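Asker: structure here, sequence nowhere to be found:
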């Protein structure tokens, strides 16, 4: 039986329609809050979406934060071409198998049929490793740490805004290393960067871990994943880092001369995070009134709503105070707007900014002006409080910090409340309807396939524990597999996904 | 006869080869300095280039600066899809004619032949105006000011790094307005932003003006251009702003309800600036020793080269001083590197940073450490001077400012020295071999075609004068056309281009 989350949900482009409650229809709620916040629009090409200014702003904020983290880690940005010769994709067997059904193919260019078809990149390992062959000669050229911000294309049968789209925006990091150990280490270090970013910037509290072999990236020897839990209890894979071993180095014949004068194989990692993270933010933080954005990425952090007075003089005083307030907060580095749209009642404006996910609303009316204060309404808790205008920038900044932290803690609390340590098939079946099952698994692919067929739960990962700045596997816990009863050595996270 | 600038120039991917002098072979010099500065590499697909970290860094710097200018002007970023249905491109006759020979066409997706071929965007007017139809209803929705940073594709017969490439990165702005006057005004205002950016950030001193009708963007009613002069005297069209009238509004049936309750046509502008600007920076500022980057966009602004002493103690003192210096300058917000590569003599390091276009080199040896100073070498003038270590950050910053200004003034001076007011065919023919001819033109397309066939000079623009923050056409100057002798009312800029 398909439940509602399997439906695509009807998309709307108008933004004043009702928002169906999460509990009634989570998939439709998702579409509704996207429409209400004016984040995307349908493109004329199926499976593609237009990122409207609000949606794109969130992506720009994500880029700015993540890019700085990469650069601090010694990564440089570059740009590799959109189009890749079909023969490159074919060079690595697992890779071509993984991507073949999703490729968009250019067959004509400049008015002529091309000699060789070109694919629109679904990811860039092949073209990058064909180039690394020229750049890597000696151990002095390693490690090579590159990243690119770009668009990629993967034909999707069941597109869904931000989550599964034919074209999407992402960053893809590609590194080359002298040893297998160093590549593994780098993939894990990068995964810590992703984890910290999801925690600190987006507050969506993921579980980190390693994918089972049958869920690895095509061509990888290990894939590390981040699995934040959405409010319907499902996992959204958000950011993966791959230890590619020497798979691509071998396929593209890349070697380096070591200090020993000998030729050695080169080892690789790759890692990507995409606009899908925005879907994660929506489904972790949103509520029945609309989107809720963490202050870090909110297009507008503070919406000032002037409440008119009974006469022109008091209304003008309110307008002046609102303008001054905007200036003060803008100077303090905040993203602020005054909603001065004429012919719209304050209530309609409150409604508007709630639906747009704006973290903090400041209401200012004639009495507030007289009292030298504003009414502040927090989007996350709904709490309202009077705040004095003197020292307002500091008060607003600390309220935004409190909202950021609260959203993060709420996400953690929800995830923990819905993660169950279970040991039987019946428990797994019941648990994956509402959250994560932490259970033993025998590590057989057949067992995983049966579990998925029966319960629609999939092995999300072998979870990690974070020790300081490092991920380590959780300790072994031998016993019978929760699904088939065969011997298992450790527990995994099982959940439904998108 | 073809001269050297018509050749593509042989591309190299190694970076230690000789640089041919500008005077000997300008086209090869261009390729040589690109290789020496490690800016691009050849991609496996003809006409496409890989932007290496140094090349991409310059683009990131351009993006950062230009994006802030747009946002200050009220523009919001968005993202529209890469693939556009062929039928959209066909909707506007001039537009499809202009782009048809350059299109890359996707015919297969997800393993199947597509019902309708999709083109990889050569520019996005058509898909954006098909969307504006949904977004624009009322006069309250106008003006609508959007921009996107993206990749576009135009099949190129004679590709050349940064200047003419099959895929390139750019920004494309698209705005919608209630009246024809407002659209024209906006296109001009945006053009001032471009002009200021090229002056202040890149220092490449363009001539601004309007293109003659036969050089307009396909579908535009007016195209404004910027034409900086390269060191071989040629014009490089760098940034164009188009007044599109109601061409796209009509083609995509976009109207708005005015305050009068009536339906009105919508007017458009579009404007783009691309990675071609990097080609302009190279050809305006470079010299026979390599690239010269303005501090604003230089990947490394300050290269510190430690000069070892005769004994370990003095060498260690130098290394410590170099590390301290780097820290001081980095804290001051500068992009600094210490060249501590072992086994390389200081002279080889000086050579390296010169070829990489680094604006300022700081040499520090044992005697400098004792004297509490460094030797600073300016890339633009070659000037060397001792600078005390106390207050070094301020001294370095003001030297970088001086370099920025000097590069800009030199570009101006060169352009002015090579711009000739001429009145005869012989003078035009002679002048376009070395620079710009400022001459009367009868405004007949046939005359322009004949001029181009005979002299290879093209009408670059009807130049503007800048008054404060505004462009105005230069005053009329009636007389005989410099080429055909027929009556002309005003002067134009004639030059060779790329």
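Answerer: Looks like it arrived, so ask away. Keep in mind that what you see is a predicted model, and the values were worked out from it rather than measured.

Asker: so residue A:407 makes contact with residue A:297?
Answerer: No - using CB atoms under 8 Å as the test, residue A:407 is too far from residue A:297 to be in contact (10.9 Å). Heads up, the C-betas are built off the backbone N, CA and C, glycines and all.

Asker: ok, then the element right after the helix or strand residue A:460 falls within?
Answerer: Residue A:460 is part of strand A:458-467, with elements assigned from DSSP states H and E. On the C-terminal side of strand A:458-467, the closest following helix or strand by DSSP H and E is strand A:470-473.

Asker: tell me the strands beside that next one, with direction?
Answerer: Sheet pairing of strand A:470-473 (DSSP bridges) gives strand A:458-467 (antiparallel).

Asker: contacts for the strand it pairs with?
Answerer: A:192, A:195, A:207-212, A:215, A:225, A:227, A:235, A:237, A:436, A:438, A:441, A:448, A:451-452, A:471-474, A:490-497 (CB atoms under 8 Å, 6 or more residues apart in numbering or on different chains).

Asker: now, those that are in strands?
Answerer: In this view, the contacts of strand A:458-467 that belong to strands under DSSP state E are A:207-210, A:225, A:227, A:436, A:438, A:441, A:471-473, A:490-495.

Asker: can you turn the buried part of these into a PyMOL selection?
Answerer: The following PyMOL line selects those of the ones in strands among the contacts of strand A:458-467 that are buried, judged by 16 or more other CB atoms under 10 Å in any protein chain shown:
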select buried, chain A and resi 207+208+209+210+225+227+436+438+441+471+490+491+492+493+494+495
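
Asker: which strand residues bridge the closest residue to residue A:221 other than its chain neighbours?
Answerer: Spatially, and ignoring its direct neighbours in sequence, residue A:221 is nearest to residue A:245 (3.9 Å; CB to CB, 6 or more residues apart in numbering or on different chains). According to DSSP bridges, residue A:268 are recorded as the beta-bridge partners of residue A:245.

Asker: and the pLDDT for residue A:245?
Answerer: Among the per-residue scores, residue A:245 shows a pLDDT of 98.

Asker: who does whichever helix in chain A runs longest touch, helix- and strand-wise?
Answerer: As far as residue count goes, and with DSSP state H defining each element, the longest helix of chain A is helix A:392-417. Based on contacts counted as 3 or more CB pairs under 8 Å, 6 or more residues apart in numbering or on different chains; DSSP states H and E, the elements that helix A:392-417 packs against are helix A:276-285, helix A:312-331, strand A:360-364, strand A:373-378, strand A:384-388.

Asker: briefly note if stretch A:87-107 comes near chain B.
Answerer: Yes - part of stretch A:87-107 sits near chain B under the criterion CB under 8 Å from any CB of the partner chain, namely A:88, A:100-107.

Asker: sorry, slip of the keys, the one I care about is stretch A:128-136.
Answerer: Yes - interface with chain B: stretch A:128-136 contributes A:130-131, A:134-135 (CB under 8 Å from any CB).

Asker: most neighbours out of those, which is it?
Answerer: Using other CB atoms under 10 Å in any protein chain shown as the neighbour definition, these reach their maximum at residue A:131, which records 25 neighbours.

Asker: secondary structure element for that one, which one?
Answerer: Element membership of residue A:131, judged by DSSP H and E, is helix A:125-135.

Asker: that helix packs against which elements?
Answerer: Helix A:125-135 sits against helix A:86-90, strand A:144-153, strand A:167-177, helix A:247-251, strand A:267-274, strand B:40-42, with contacts defined as 3+ CB pairs under 8 Å, 6+ apart.

Asker: would you mind getting the angle between that helix and strand A:144-153?
Answerer: With axes from the mean of the first three to the mean of the last three CA atoms, to 10 degrees defining the directions, helix A:125-135 sits at 150 degrees from strand A:144-153.

Asker: between helix A:125-135 and strand A:167-177, how many degrees?
Answerer: Angle between the axes of helix A:125-135 and strand A:167-177 is 40 degrees (criterion: the same axes, to 10 degrees).

Asker: what's the angle between helix A:125-135 and strand A:267-274?
Answerer: 140 degrees.

Asker: chain center to helix A:125-135: distance?
Answerer: The chain centroid and the centroid of helix A:125-135 are separated by 27 Å under CA atoms, centre = their mean, to the nearest Å.

Asker: cool, stretch A:160-176 as well?
Answerer: For stretch A:160-176, the gap between its own C-alpha mean and the chain's C-alpha mean amounts to 10 Å (CA atoms, centre = their mean).

Asker: could you pull up the mean pLDDT of it?
Answerer: Averaging the model's pLDDT scores along stretch A:160-176 yields 97.

Asker: now do the end-to-end distance for that stretch.
Answerer: Stretch A:160-176 has an end-to-end distance of 34 Å (CA to CA, to the nearest Å).

Asker: give me the contact status of that stretch with chain B.
Answerer: Yes - contact between stretch A:160-176 and chain B, assessed by CB under 8 Å from any CB, occurs at A:166-167, A:169.

Asker: need the residues you listed in TSV with distance to residue B:396 and neighbour count, can you?
Answerer: Output for the residues of stretch A:160-176 next to chain B, formatted as TSV (distance: CB to CB, whole Å; neighbours: other CB atoms under 10 Å in any protein chain shown):
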residue	distance to residue B:396	neighbour count
A:166	49	25
A:167	44	23
A:169	37	20
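
Asker: just name the closest of those residues to chain B, please.
Answerer: Ranking those by separation from chain B, with CB to the nearest CB as the measure, puts residue A:167 on top at 5.4 Å.

Asker: who does that closest one form a beta bridge with?
Answerer: Beta-bridge pairing for residue A:167 (DSSP bridges): residue A:153.

Asker: okay, the helices and strands packed on helix A:125-135, which one's buried deepest?
Answerer: Burial of the helices and strands packed on helix A:125-135 is given as mean neighbour count (mean count of other CB atoms under 10 Å in any protein chain shown); strand A:267-274 ranks first at a mean of 25.

Asker: continuing past the lowest-mean-pLDDT helix or strand in chain A, what's the next helix or strand?
Answerer: Per-element confidence for chain A was summarised using mean pLDDT, DSSP states H and E. The lowest value among helices and strands belongs to helix A:93-99, with a mean of 91. Sequence-wise, the next helix or strand beyond helix A:93-99 is strand A:104-109, with elements assigned using DSSP H and E.

Asker: nearest residue to residue A:39 other than its sequence neighbours?
Answerer: Spatially, and ignoring its direct neighbours in sequence, residue A:39 is nearest to residue A:55 (3.5 Å; CB to CB, 6+ apart).

Asker: mind listing what the one you found touches?
Answerer: A:37-40, A:278, B:78 are the contacts of residue A:55 under CB under 8 Å, 6+ apart.
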